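the following comprises the amino acid sequence and a computationally predicted model.
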Amino acid sequence: MPKTLFYIGIVCCVFLAVASAGVLAQQIEGTPVSFIAIHGRTVISGAAAVGAIVVALLAAVAVASILLRMAALLAARNLFGAFLALVAVGASVVSLAWVVLLQLRILALVRHHTPIGTGLGEMHLAAVMMLGYFVTLAFLALRPYFRIQASRFLSALVFFPLPLFLLIVVQEVFVAASAAPLPATTPASAVFFGVVAMLFFSIAVHCVRHRYIFIEMTNLRELLEPRVDPARAKTVGRVAFDS
């Protein structure tokens, strides 16, 4: 992948980690959740909201490129996981675009002093929940890649976002439904944002440490076979042994 896009993706991963940690701090203090141009139950109007939406779209594209590169590297060993990650990352970008379009519509109504209907807020809440589901599914689909290329801590950490998100959904259905347009603050959501913050920061560190596999051209044979030092290798037929 291009170097410029790779380093922008790393910066955006750190940005998402900091943003998730900020949301976690807000929830601990009792402040309502904020998402792009909507903070709590209020809408930020003006240039700040438009700038936040543009930054969110750019960050989504940059981070999605990093995850798609991981899926491409995973395809040589686990085609199903790579295909599932491709679908989940694509659906996450589409979900974020849908959330952004809904927020642009809400901003337009606020500027014209038009009351916002409950239907629009419910659609925004559903779009945010859909975004969270596909992001957690993408993490889980990329677990085989993290198990091979990354540490055991990171490969185990990707298990947690999806069960935590399902717990949030169960609370929405059976305990208390959140008032639109954003989910309510719960202990499960606080832990969820904490895990997501650690995940994005760990992904950024992993990309920096293994930047050569993201930037250089991928050789399929090198992915399927272990790397052997030619100076220390003993070849018997077509099999190489590292002495």
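Nice, I can see it.

pass me the low-pLDDT residue ranges in this protein, would you?
For the chain, the stretches with pLDDT under 70 are 32, 39-42, 44-46, 117, 216-243.

try 80
By pLDDT under 80, the low-scoring segments of the chain are 1-2, 29-50, 76, 110-118, 150-151, 175-182, 213-243.

all strands for it, in order.
34-35, 38-39, 42-43, 233-236, 239-242 (DSSP state E).

may I have stretch 193-206 exported as PDB, CA atoms only?
What follows is stretch 193-206, C-alpha atoms only, in PDB (Å, rounded to 0.1, in the frame of the first residue of the first chain):
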ATOM      1  CA  PHE A 193     -15.000   1.900  24.600                       C
ATOM      2  CA  GLY A 194     -12.000   1.000  26.800                       C
ATOM      3  CA  VAL A 195     -11.300  -2.200  24.800                       C
ATOM      4  CA  VAL A 196     -11.700  -0.400  21.500                       C
ATOM      5  CA  ALA A 197      -9.200   2.300  22.600                       C
ATOM      6  CA  MET A 198      -6.700  -0.400  23.500                       C
ATOM      7  CA  LEU A 199      -7.300  -2.200  20.200                       C
ATOM      8  CA  PHE A 200      -6.700   0.800  18.000                       C
ATOM      9  CA  PHE A 201      -3.600   1.800  19.900                       C
ATOM     10  CA  SER A 202      -2.300  -1.800  19.700                       C
ATOM     11  CA  ILE A 203      -3.000  -1.900  16.000                       C
ATOM     12  CA  ALA A 204      -1.100   1.400  15.500                       C
ATOM     13  CA  VAL A 205       1.900   0.000  17.400                       C
ATOM     14  CA  HIS A 206       1.800  -3.300  15.400                       C
END
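
what about the helices in the protein?
3-29, 47-74, 79-111, 118-141, 143-149, 152-157, 161-170, 187-209, 211-215, 220-224 (DSSP state H).

centroid residue for the protein?
Among the residues of the chain, residue 135 comes closest to the average C-alpha position under C-alpha atoms, centre = their mean, at 4.9 Å.

thought it was touching residue 162?
No: applying C-beta atoms under 8 Å, one finds residue 135 not in contact with residue 162, separated by 9.5 Å. Where C-beta positions appear, they are placed from N, C-alpha and C, glycine not excepted.

quick one: which of the helices of the chain is nearest residue 36?
Judged by C-beta to C-beta, the one of those that comes nearest to residue 36 is helix 47-74, at 5.1 Å.

now the closest one: buried residues?
49, 52-53, 56, 59-60, 62-74 (16 or more other C-beta atoms under 10 Å).

again, but for stretch 168-177
Under 16+ other C-beta under 10 Å, the buried positions of stretch 168-177 are 168, 171, 172.

how many other residues sit next to residue 162?
18 (other C-beta atoms under 10 Å).

which residues touch stretch 163-177?
With contact meaning C-beta atoms under 8 Å, 6 or more residues apart in numbering, stretch 163-177 is reached by 129, 132-133, 136, 178, 183-184, 186, 188-189, 191-192, 195.
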